[in-house]
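K.L.:
any chance you can model this:
(one chain, ligands or ions: 1)
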Amino acid sequence: MNLFVANWKMNKTREESRDYARRLGEILGDRDPRVELVIAPPYTALDAARDPGGRWSLAGQNVAAETEGAYTGEVSARMLADAGCRYVIVGHSERRRLFGEESGVLARKLTRVREAGLTPIYCLGETEEEREEGLTATVLVAQVETLGGDPDDAPLVVAYEPVWAIGTGKAATVEDARSARVHLAELLSARRNARILYGGSVTTENARALLDESGVDGFLIGGASLKPAAFAAISGIGGDS
Ligand code: PEP
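P.N.:
This is a model prediction of the structure:
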């Protein structure tokens, strides 16, 4: 089943989140969406973004690398599970770039996520410089290595998010997304239960071609997911931007 993840980043108060959830619920109605929907709100809005009807699930946008203790400002995987999350985004390029998260800390976060019974949405992708130097494949290999300690049979979501495409309005071409998907599928061939998403400037305009022609299993969506109608439309459910 295709998977569509709304990454709200640092946006929306609880009231705005409740409005969004109400509107998305109206758009979905009681139809079976035939896709899996996930919302990753800020921690403070996890409860407000919940669907009592279970038509979408929740993801944390980040998680602590430690289990518990004196780590001011951190939120543990167990707390996220307790708050109703099913997924956690790990390794988003904003975490890697702005907060210096590298492979060691990401591997520890992945372990914590598994201990709490959650599923990681592990993000990877090359920067513009790496792409220009022809290093995309090498970068993907190195970033997949971070998953080395993750159990092969556990459900896994990997989001190919080229850094140059995130929040820039410059989405990958269908060919770029397809070739990254094919490469990642090879690298993850031992994983029976892995889904590969694309993320980076997905909009209502480019979603259909990217999904149908690149063979990805869905999208991780930032900016365009902030409006419920656009998130629904990108997910193929109807509504408009
Ligand atoms: C993201 O934050 O993961 C993302 C893909 O953002 P955007 O859709 O805004 O490029």
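K.L.:
ok so residue 11 is a helix residue?
P.N.:
No - counting by DSSP: H, G, I helix; E, B strand; the rest coil, residue 11 is located in no helix; its state is coil.
K.L.:
quick check: the residue nearest to it when sequence neighbours are not counted vs residue 179, distance?
P.N.:
With sequence-adjacent residues excluded and distances taken as Cβ to Cβ, 6 or more residues apart in numbering, residue 11 is closest to residue 226, at 5.9 Å. The C-beta positions use only the backbone N, C-alpha and C, and glycine is treated the same way. As defined by Cβ to Cβ, to the nearest Å, residue 226 lies at a distance of 29 Å from residue 179.
K.L.:
again, but for residue 211
P.N.:
Look at residue 211 and residue 179: by Cβ to Cβ, they are 16 Å apart.
K.L.:
same deal with residue 173?
P.N.:
Computed with Cβ to Cβ, the distance linking residue 173 and residue 179 is 10 Å.
K.L.:
one more: residue 54?
P.N.:
For residue 54 relative to residue 179 (Cβ to Cβ), the value is 36 Å.
K.L.:
neighbour-wise, which of these two wins?
P.N.:
Taking neighbours as other Cβ atoms under 10 Å, residue 54 and residue 179 compare with residue 179 leading, 16 against 7.
K.L.:
starting at the chain centroid, how far to whichever strand or helix holds that one?
P.N.:
Element membership of residue 179, judged by DSSP states H and E, is helix 174-187. Taking Cα atoms, centre = their mean, to the nearest Å, one finds helix 174-187 lying 17 Å from the centre of the chain it belongs to.
K.L.:
can you list the buried residues in it?
P.N.:
The neighbour-count check on helix 174-187 (16 or more other Cβ atoms under 10 Å) flags 174, 176-181, 183-184, 187 as buried.
K.L.:
closest to residue 155 out of those?
P.N.:
Of all the buried residues of helix 174-187, residue 184 has the smallest distance to residue 155: 15.7 Å, by Cβ to Cβ.
K.L.:
what residues does the chain put near the ligand?
P.N.:
Contact residues, the chain versus the ligand (Cβ under 6 Å from any ligand atom): 7, 161, 166-167, 199-202, 220-224.
K.L.:
want to throw these into a markdown table with pLDDT?
P.N.:
What follows is these, written out as a markdown table (pLDDT from 0 to 100):
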| residue | pLDDT |
| --- | --- |
| 7 | 98 |
| 161 | 98 |
| 166 | 96 |
| 167 | 94 |
| 199 | 98 |
| 200 | 98 |
| 201 | 97 |
| 202 | 98 |
| 220 | 98 |
| 221 | 98 |
| 222 | 98 |
| 223 | 97 |
| 224 | 98 |
